[in-house]
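*Asks:* Coordinates for the following, if possible.
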Amino acid sequence: MAEEWIHGLHAVTAALKYEPERLHGLWVERQRRDGRIQALLDQAGAQGVAVHPVDRAELDRLSGGARHQGVIARLAAVRQRSYDEADLLELLAAVEGMPLLLVLDGVQDPHNLGACLRSAAAAGVHAVIAPADRAVGLNATVRKVACGAAEIVPFVPVTNLARTLRALQEQGVWLVGAASEVDDTLYDVDFTLPTAIVLGAEEKGLRRLTREICDRLARIPMVESGVESLNVSVATGVFLFEARRQRSLQN
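*Replies:* Numbering: from 1, shown residues only. Predicted coordinates for the structure are as follows:
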């Protein structure tokens, strides 16, 4: 079976917690003996996962020079599932209450996607949707930055984003797109309705067709400081937690 490598304390801890059956072993820097590593070793022992003490140079080689924090894990690769609108509709049908979805239109930086997934998990998002082409998928870097969120929030790559957005509209989901030049702010939007928050790619924003399909566009109000826009992962957090704030007032 094909395998993948993940690195970093958060990513490996999440794998031990959520999918230990995939773990084929841990490689740990033998010189490191702090409390965080020891807790990880204890957890691996409880799960019956083999631990291999190695020198830091070996970890650097295995991780390709990435910042591994002294630990790397080898996992059985997840068989990539081909999602479509029908799968998304099943997720919607299982939601109790008002759905909250996140749509990322072409995010290509794995660090941004990982951060978006982390915010999505913290905000209680029911699914993250992204185009399958010309966008980053779930790789080792995304999983590391997401700190376990990649195993919590359903990530749905779709072959035709415009078709998927229209299918969501047919199910009564309100599409709110992020755009910096419009008059309405996110504080003018009612996020207590079934909502999909739609954000565009780094620097480019929403694609024209995606923008046209959205039911409403809103911006994040900012002071005149010379900063024209926020990083997509930061903007994602701002939008999601305004939606969470509004919904919490109803409970």
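*Asks:* which residues in the stretch 151-251 of the chain form helices?
*Replies:* 161-170, 208-213, 232-248 (DSSP state H, counting those that start in this stretch).
*Asks:* so which of these gets nearest Thr195?
*Replies:* helix 232-248 (6.3 Å; C-beta to C-beta). The C-beta positions use only the backbone N, C-alpha and C, and glycine is treated the same way.
*Asks:* starting at the chain centroid, how far to the closest one?
*Replies:* Distance of helix 232-248 from the chain centroid (C-alpha atoms, centre = their mean, to the nearest Å) equals 14 Å.
*Asks:* Tell me how many other residues surround the residue nearest to Arg216 when sequence neighbours are not counted.
*Replies:* Leaving aside its chain neighbours, Arg216 sits nearest to Val176 (5.3 Å; criterion: C-beta to C-beta, 6 or more residues apart in numbering). Look at Val176: counted by other C-beta atoms under 10 Å, it has 24 neighbours.
*Asks:* Next, the contact list for Val176, please.
*Replies:* 186, 189, 191, 195-198, 214-218, 239 (C-beta atoms under 8 Å, 6 or more residues apart in numbering).
*Asks:* Please name the bridge partners of it.
*Replies:* Bridge pairing for Val176 (DSSP bridges) gives the partners Ile197, Arg216.
*Asks:* Could you list the domains of the protein?
*Replies:* Domain assignment for the chain, taken from automatic domain parsing, gives 3-76, 85-248.
*Asks:* so where does Ile6 fall, helix or strand?
*Replies:* strand 3-7 (DSSP states H and E).
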